[in-house]
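Colleague: Quick one: sequence and predicted model below, then my questions.
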Amino acid sequence: ITTIYEGNENYTRVSEANFLTISNNLFNITLNQTLNLISIPIILDNNTIPAIFGSNEIDIYSYENNTWKVYHSNTSLPSNLNIIESLRSYFVIIKNNFNLTLNWTLNYLNGTKPSLNLNSGWNLMGINSLNNVKIDSLITNNLVSVFGFNGSNYIELNPNTDYFIPGKGYWVNMNATFTI
């Protein structure tokens with residue numbers, strides 16, 4: 001699916017069997033009662049996990065700098081992940097199907113677009129765009145492989161022909177550090 005975002009015009013877009021819907025400054029990701037690999041392609045005013053996911057029974061995993069981080073809504077379990085960041089992706093396990101709906105803006109703090117350092121080895125990442133982004137146009141050096149996730153299987157993507165999709169998360173293997 002190819003879309004073009006033009007200023008503040010209202011538009012509706014639905015991608016990949018209703019996984020992601022963007023309409024009139026609302027951003028919606030459908031989370032299934034399975035393992036989901038998602039990213040938030042917008043900057044949120046409040047990016048704490050309870051503010052985003054509410055009171056849902058949820059476990060969230062992130063892989064940052066060769067270390068796993070986790071959030072458990074069950075406060076009797078230890079957690080070391082508190083916020084959701086743009087450009088990162090997260091494994092989300094939720095007890096019941098849930099539509100994650102957020103108000104969005106493309107205004108960057110102080111006019112600075114977020115960046116992410118991809119380390120040598122495996123990284124979880126997403127994109128900071130409401131449009132699909134061709135993989136080799138975003139990661140121009142040091143890329144070994146990219147895998148998406150469809151809820152049950154990993155799918156290897158071709159950087160020359162495939163796109164990163166807003167709201168989806170990806171495993172990216174690098175042979176050296178690269179900043180997006």
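Modeller: Arrived safely.
Colleague: residue contacts, the residue nearest in space to the middle of the chain?
Modeller: What sits nearest the mean C-alpha location of the chain, by C-alpha atoms, centre = their mean, is residue 39, with 1.1 Å. Applying C-beta atoms under 8 Å, 6 or more residues apart in numbering to residue 39 gives the contacts 86-90, 125-127, 166-170. Heads up, the C-betas are built off the backbone N, CA and C, glycines and all.
Colleague: try 6 Å this time
Modeller: 89, 126, 169 (C-beta atoms under 6 Å, 6 or more residues apart in numbering).
Colleague: got it, and residue 148?
Modeller: Contacts of residue 148 by C-beta under 6 Å, 6+ apart are 155, 157, 170.
Colleague: So what does residue 137 have for phi and psi?
Modeller: With angles defined as degrees, to the nearest 10, residue 137 sits at phi -90, psi -20.
Colleague: and it, what is it in contact with?
Modeller: Here residue 137 is in contact with no residue (C-beta under 6 Å, 6+ apart).
Colleague: Check it and give its pLDDT.
Modeller: Note on residue 137: pLDDT of 95.
Colleague: just residue 71 next, same as before
Modeller: 98.
Colleague: again with the one 10 residues further on
Modeller: The predicted local confidence for residue 81 comes out at a pLDDT of 97.
Colleague: thinking again about what came up before, only whichever of the contacts of residue 148 are buried, select them in ChimeraX.
Modeller: Per 16 or more other C-beta atoms under 10 Å, the buried members of the contacts of residue 148 correspond to this ChimeraX selection:
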select :157,170
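Colleague: low-scoring pLDDT stretches of this protein, where are they?
Modeller: 1-25, 104-112 (pLDDT under 70).
Colleague: How about the residue nearest to the centre of the chain, nearest residue that isn't a chain neighbour?
Modeller: residue 126 (2.1 Å; C-beta to C-beta, 6 or more residues apart in numbering).
Colleague: Tell me who's in contact with the one you found.
Modeller: So, once contact is read as C-beta under 6 Å, 6+ apart, residue 126 ends up touching 39, 87, 89, 169.
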